[in-house]
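Enquirer: Sequence and predicted structure, then a few things I'm wondering about:
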Amino acid sequence: MKYTINAGELDRRLTIQQPTGTPNEYGEMPDTWEDVYTNIPCGVTYIKGGEVWESTQDVGNLTTDFKIRYVSTAITPRMRVVFEGENYDIKRVMEVTRRKGYVIQAQWKDNR
């Protein structure tokens, strides 16, 4: 799949966050996050949605590709995307043409 980044596609905004603090004795990170990048122009493509059964309840999910321009700090799956008030777990980050941009594939889960 070939990706390009056109300025006209970057019509929305997102934030990239990383976890803060130290892991507990079980290796779990505390649920505190800090902004790494804010107000990043992005393009959004919804890939697939559905429901899965987790811990005796239906959980809705949505896989989304976010296109952004190149940023100097590495974006990793430990981070998350905040888009339109919702948190998306980063699943993978693909570089679009060396140092031009990234496609961040992330998943939103409705845990309400």
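Expert: Done, it's in.
Enquirer: remind me, longest strand of this protein?
Expert: Using DSSP state E to define each element, the chain has its longest strand at strand 33-54.
Enquirer: Would you mind checking the average pLDDT for that one?
Expert: For strand 33-54, mean pLDDT rounds to 82.
Enquirer: same check, this time on stretch 82-100
Expert: So the average pLDDT for stretch 82-100 ends up being 92.
Enquirer: Determine how far the last residue of that stretch lies from the first.
Expert: The first residue of stretch 82-100 is 22 Å away from its last residue (C-alpha to C-alpha, to the nearest Å).
Enquirer: just the strands in this structure please.
Expert: Using DSSP E, strands in the chain cover 12-19, 33-54, 57-69, 80-83, 86-96, 101-110.
Enquirer: Any idea which of these gets closest to residue 27?
Expert: Closest approach to residue 27 among the strands of the chain is made by strand 12-19 (12.2 Å; C-beta to C-beta). (Glycine included, C-beta is placed from N, CA and C.)
Enquirer: circling back to that earlier point, nearest to residue 6, of the strands of the chain?
Expert: Each of the strands of the chain has some distance to residue 6 by C-beta to C-beta; the shortest is strand 33-54, at 8.1 Å.
Enquirer: For residue 29, which residues are in contact?
Expert: Applying C-beta atoms under 8 Å, 6 or more residues apart in numbering to residue 29 gives the contacts 19, 21, 23.
Enquirer: change it to 6 Å
Expert: If you count contacts by C-beta atoms under 6 Å, 6 or more residues apart in numbering, residue 29 has them with 19, 23.
Enquirer: What about the closest residue to residue 65 other than its chain neighbours, how many residues nearby?
Expert: Excluding the flanking residues, the one nearest residue 65 by C-beta to C-beta, 6 or more residues apart in numbering is residue 45, at 4.4 Å. If you count neighbours by other C-beta atoms under 10 Å, residue 45 ends up with 13.
Enquirer: for the strands of the chain, which one sits closest to residue 5?
Expert: Of all the strands of the chain, it is strand 101-110 that lies closest to residue 5, at 4.3 Å by C-beta to C-beta.
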